[in-house]
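A.B. asks: here is a sequence together with a model predicted from it:
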Amino acid sequence: MFLAFPQYNPTSVYRPVKWRTAVGTALAVEIAQVTVSLDGTIVANFNKSPIEVIGGFTYVFDVDIQAVVRDLLEPFSTSVPAVFGDDNLAYSGLLSGFSGEVIIRVSYLYRDVTTNQLTSLGITDVSSPIDVNITTRQHTEKQELTEFEPLFLDTDKRFLTNAPKPKTICLGQNEWLTFYADAGANEIRVRSYDSTGGLLQEGTFLVDVSATNQFQSIGVGQPNINAVTWNTGNVTISNLTAYYTIELIGLLAQPYLEVRQYNIVNCCGNEARIHFLNRLGGADAYNFKRTLNKDFAVSSEQGQKALNWDVYAVEPNNVRDNGAFTYYTQQNTKYEIQTGYIQEDEAAYVTEIATSTKTYLETDNGLLPIVVSPKTYRTKTDDRNNIRLVQLVFDVQDSNDVISQYV
């Protein structure tokens, strides 16, 4: 029987996902065989030894599957994770590689004193389903992730982002939002407003909720929304739009509490829009300013070989042959991006880029994979409002640097 379960449901793969189980018998139990299923598919089998024996006949086992589910769900092998859709297109996609439903089965083997063979005890414990995902939470934050589940109506969190509200965006820029899919929340409502706060247009579009234990992403940038097939109404984001809102609609058209607002600002042409996988496991993006600082470096290895001499020739030395040469030449170009002076809560959100495993630069040719490195953290105080402001500076490097072939 199970004595203890994972503390949270849903739970993160970055914390222990541990059960404690026990079986009572006069037989000498040596091994618990554990089978792990993710979304109905067996993904791992392993054995555990007892951590203690109580009273000589109760055998206790700890089963932690954190490493199993973490390796399966972390999206390192995906070039562009599915949280990001195609540029300039409507998008609504279920993300099977970011969350899932786990069930474990535990069977017990004892040592037969007659045959000295491990023999099944004939008892199998089956756990209740647990949802796991790649969301991370800081120690100072609420560890329970149910606040992101659509069935819970008493919270103002729905979307998997720590971005400030409202958020700024330029016309023509892509944006994606991620949330928990749920059968009771199959519609997205979009409303656009003018500069006076007057409602311009309203529309809803449907999302796929066929798998309720998975993440889902939708396109919410201006080109994404303008490509939507609408279920009711219609919204076109244009230069007449001052801002627009996104919200998840539940059963009986009941809106959930979180409303994401996007204020449209003018782009000046030197923005660097960085898309990244945030620490909640969702899609995010932020507009930086490019600076004039750009570094260009070339590195290479050096080798040597014997000169190609022809001792029978009139001129035995080959003056065109080379003794020293270079190979594995790598071009490395970095440029600098920075925020304006922003408040500390927004700065905390932006620093998620530095720890993200997936970062991309939005270009006319799609998302370009990049490496982002933190460089400077500057602070200043706004004496008029007694607020400390922060400016973050990062170095950005193309992840596909040019490497020459060996010749």
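C.D. replies: That came through, no problem.

A.B. asks: what about the spatially closest residue to residue 299 that is not a sequence neighbour, helix or strand, and which?
C.D. replies: Distances taken as C-beta to C-beta, 6 or more residues apart in numbering put residue 330 closest to residue 299, at 5.1 Å, once the chain neighbours are dropped. Bear in mind the C-beta positions are built from the backbone N, C-alpha and C, glycine included. Per DSSP states H and E, residue 330 falls inside strand 324-338.

A.B. asks: against which helices or strands is the following helix or strand past that strand packed?
C.D. replies: Per DSSP H and E, strand 324-338 leads on to strand 342-343 as the next helix or strand towards the C-terminus. With contacts taken as 3 or more C-beta pairs under 8 Å, 6 or more residues apart in numbering; DSSP states H and E, strand 342-343 sits against strand 387-398.

A.B. asks: partner strands of the strand it packs on and their direction?
C.D. replies: strand 324-338 (antiparallel), strand 342-343 (antiparallel), strand 366-382 (antiparallel) (DSSP bridges).

A.B. asks: so which of those comes closest to residue 45?
C.D. replies: strand 366-382 (35.3 Å; C-beta to C-beta).

A.B. asks: may I see the buried residues of the closest one?
C.D. replies: 367, 370, 372, 375 (16 or more other C-beta atoms under 10 Å).

A.B. asks: could I get the strands paired with strand 387-398 as a markdown table with distance to residue 131 and mean pLDDT?
C.D. replies: Shown next, in a markdown table, are the strands paired with strand 387-398 (distance: least, C-beta to C-beta, whole Å; pLDDT from 0 to 100):
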| stretch | distance to residue 131 | mean pLDDT |
| --- | --- | --- |
| strand 324-338 | 36 | 83 |
| strand 342-343 | 34 | 90 |
| strand 366-382 | 28 | 84 |
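
A.B. asks: quick one, helices of the stretch 1-150 of the chain?
C.D. replies: 66-73 (DSSP state H, counting those that start in this stretch).

A.B. asks: could you list the low-pLDDT ranges of it?
C.D. replies: Counting by pLDDT under 70, the stretch 1-150 of the chain shows low-confidence ranges at 74-80, 147, 149-150.

A.B. asks: show me this structure divided up by domain.
C.D. replies: 2-80+96-133, 145-265, 271-398 (automatic domain parsing).

A.B. asks: output those domains in CSV, with distance to residue 139 appended to each entry.
C.D. replies: Formatted as CSV, the domains of the chain follow (distance: least, C-beta to C-beta, whole Å):
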stretch, distance to residue 139
domain 2-80+96-133, 10
domain 145-265, 15
domain 271-398, 13
